[in-house]
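Enquirer: here is the input, now give the coordinates:
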Amino acid sequence: MDDAPAGPRPSRVVIEGDLGPAAALAGLAQAAGLNVETRDGDGVIRIDGVSLALTDGRSATERFASEGGPESLFDLALDYGAAKRIAIAAADQAPAGACAAAAGFFQALGKRVSVLDDAPGLVVMRTVAMLINEAADAAHQQVASAADIDLSMLKGVAYPRGPLAWCDALGAAR
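Expert: Model prediction:
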């Protein structure tokens, strides 16, 4: 997968509200020496006037059309501190430079960045959601208990976390 071109290092990062599973990004940004401000809001990262958020299952284009932003989305990671690569996507309506600003933010954190075509849920979040849904259906159909489903995925296919445990960590609403 190709790396995104180098983006500008952010001069200012504003973290608005709870970033949920991406909350570690605030500490990573501070550790990287970025000027970070936190305030109340809807779980958005503002980088030099451009907004960035964790994917929520909708495409960036759909979110921008319904909410007026964020301009770019980033994908889920099991551990943002250990992740070496982050995928991002920009809304079709995003202003020029939105994708570069998002890439520059993650590059400043020491991450390699892949720019994806805008798609609902991006790659990791969509895959994790599918696994969670299948595991929940198996538990509902009483194929196995929730604990056994998670254990089989941990031991049988070496997933880093069982799908139902991942659902608990993310929250069912997400």
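
Enquirer: rest of the way, CA atoms for contacts and neighbours
Expert: Noted.

Enquirer: start and end of stretch 44-62, how far apart?
Expert: Terminal residues of stretch 44-62 lie 16 Å apart, using CA to CA, to the nearest Å.

Enquirer: buried stuff in the longest helix seen in the chain?
Expert: Longest helix in the chain, counting residues (DSSP state H): helix 124-140. For helix 124-140, the neighbour count (16 or more other CA atoms under 10 Å) marks 124-126, 128-129, 131-132, 135-136, 139 as buried.

Enquirer: before we move on, what about stretch 36-54?
Expert: Residues of stretch 36-54 classed as buried under the neighbour-count rule (16+ other CA under 10 Å) are 36, 43-48, 50-54.

Enquirer: quote the end-to-end distance of that stretch.
Expert: End-to-end distance for stretch 36-54, by CA to CA: 18 Å.

Enquirer: name the surrounding residues that touch it.
Expert: Residues from elsewhere that reach stretch 36-54, judged by CA atoms under 8 Å, 6 or more residues apart in numbering: 10-20, 22, 26, 29-30, 69-76, 98, 101-102, 105.

Enquirer: next one: it to chain centre, how far?
Expert: Computed by CA atoms, centre = their mean, to the nearest Å, the chain-centroid distance of stretch 36-54 equals 13 Å.
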